Structure formats: C-alpha cells, structure tokens
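Engineer: how does the following fold in three dimensions:
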Amino acid sequence: MGPDEQGDAAGRWLDVRQAADALGLSSDAVRKRIARGTLRSRKGEDGSVSVWLDAAGQRQDGDQPNSGTEAGRALDAELVEELRDRVRYLERQLDVRTEELREHRRLLAGLIERVPELEAARKDPQAPPGDAPAGAKGPGGGQGPPEDATASEGRSEPPRSWWQRLFGG
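Structural biologist: As a prediction, this is how the structure comes out:
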C-alpha cells in the first residue's frame with residue numbers, strides 16, 4: 001500500500017459520489033473533470049472509479065478558488081481588479097459605439113429627408129442640381145423660381161431629356 005492509499009494527512013481516495021458530495025458538485029461534473037484530467041482518479045479491478053482528494057477536500061488544478069491563503073486572497077483580489085478594468089473598458093467601448101450609432105441615425109434621417117428632393121430631380125432631369133422640387137416653397141414663400149413666360153408659351157412638345165440634348169436627338 002502506497003502513501004496515497006493509506007488515507008493519511010495528504011489526502012484520501014473517494015468514490016465518485018462521495019467526491020461529488022465533498023466538492024459540492026454533481027456526480028456528472030466530477031466525471032467530466034476526471035475526463036478532462038482536472039481531478040486525479042483511478043479505476044479499480046471491479047471497474048469502480050475513485051477520485052483523489054487532498055486532506056482539505058480541495059479540488060485540483062484550479063477548480064477551487066484561491067481564497068484559502070493570504071497569497072490566494074491577494075491573487076483573487078488581483079483577478080477581480082483585472083475583471084473590473086475589463087468591464088470599465090467594455091463600458092467605454094459601448095459608449096463609443098452608442099455615440100457612433102446616434103451619429104449614423106442622424107445622418108440617415110438627413111438622407112431620408114432628401115428623398116423627395118432626389119425623386120423630383122429624377123423626374124425632372126432638366127432641373128439644375130440643388131433646385132427645389134416642383135411645388136416646393138422657395139425662400140420668399142412662393143412657388144419655386146418663376147418660369148420665363150415666353151419660353152413656356154412657345155413649347156408644344158415636352159422638354160428633351162439630357163441624353164437627347166447630348167446626342168442631338
């Protein structure tokens with residue numbers, strides 16, 4: 001019998017159910033930790049599985065918080081502070097993204113307001129860019145720019161499109 005099997009102060013072998021009770025876990029969780037290698041185990045001749053727990057019943061390989069010692073508490077405090085720093089960083093990133101989203105919404109609203117003007121320009125390709133759409137109020141409160149009365153009287157055909165003017169059609 002080796003020192004591990006004597007149940008001395010260094011630790012003891014327990015079956016999976018007993019180890020689960022000692023660790024405050026389910027039997028399935030203990031089996032998964034055995035499979036991952038985070039708990040030391042052995043298989044008996046009859047197929048039963050035993051788990052090695054040290055004298056304090058502690059989990060191995062980082063399964064248990066470090067708060068049992070002064071150094072462990074310092075490490076825990078350091079880890080907590082690191083996590084707080086990360087949370088603060090992520091909160092700042094979220095604030096930046098929220099502001100970017102507000103700016104995008106503002107720009108989108110401005111573009112949506114211009115849709116009627118763009119549609120009017122598409123329908124009337126002869127209108128110079130920047131002109132108000134047909135029927136829009138000008139700065140003086142009246143309709144758009146006044147048309148030349150002689151130009152509109154002499155027209156019997158619809159105005160030519162830009163491609164007709166360009167290619168002489």
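Engineer: next, Leu25: phi, psi?
Structural biologist: phi -120, psi 170 (degrees, to the nearest 10).
Engineer: that one: how many residues sit nearby?
Structural biologist: Number of residues near Leu25 (other Cβ atoms under 10 Å) recorded here: 18. C-beta: built from backbone N, CA, C; applies to glycine.
Engineer: break the protein down into its structural domains.
Structural biologist: The chain resolves into domains spanning 8-54, 66-125 when parsed by automatic domain parsing.
Engineer: out of those domains, which gets nearest to Gln164?
Structural biologist: Nearest to Gln164 among these is domain 66-125; the distance by Cβ to Cβ comes to 10.1 Å.
Engineer: quick one, helices of the protein?
Structural biologist: Assigned by DSSP state H, the helices in the chain fall at 16-23, 27-36, 70-123, 149-153, 162-167.
Engineer: and the third one, what does it pack onto?
Structural biologist: Right, the one you point to is helix 70-123. Contacting helix 70-123 under the criterion 3 or more Cβ pairs under 8 Å, 6 or more residues apart in numbering; DSSP states H and E is no other helix or strand.
Engineer: which of the helices of the chain sits closest to Gly44?
Structural biologist: helix 16-23 (11.6 Å).
Engineer: could you list the low-pLDDT ranges of the chain?
Structural biologist: The chain contains residues with pLDDT under 70 at 1-10, 55-68, 127-156, 169.
Engineer: neighbours of Phe167, how many?
Structural biologist: 7.
Engineer: look up how far Arg122 lies from it.
Structural biologist: Separation of Phe167 from Arg122 (Cβ to Cβ, to the nearest Å): 20 Å.
Engineer: next: Gly37.
Structural biologist: Counting by Cβ to Cβ - Gly37 and Arg122 are separated by 69 Å.
Engineer: go on, Leu101?
Structural biologist: Leu101 is 30 Å from Arg122, where distance means Cβ to Cβ.
Engineer: please apply the same query to Thr38.
Structural biologist: The spacing between Thr38 and Arg122, counted by Cβ to Cβ, is 68 Å.
Engineer: which one of those two has more residues nearby?
Structural biologist: Set Thr38 next to Arg122 and count neighbours by other Cβ under 10 Å: Thr38 wins out with 14 against 9.
Engineer: how close does that one get to Gly72?
Structural biologist: According to Cβ to Cβ, Thr38 stands 18 Å off from Gly72.
Engineer: now swap in Leu39 and tell me
Structural biologist: Computed as Cβ to Cβ, the Leu39 to Gly72 distance reads 19 Å.
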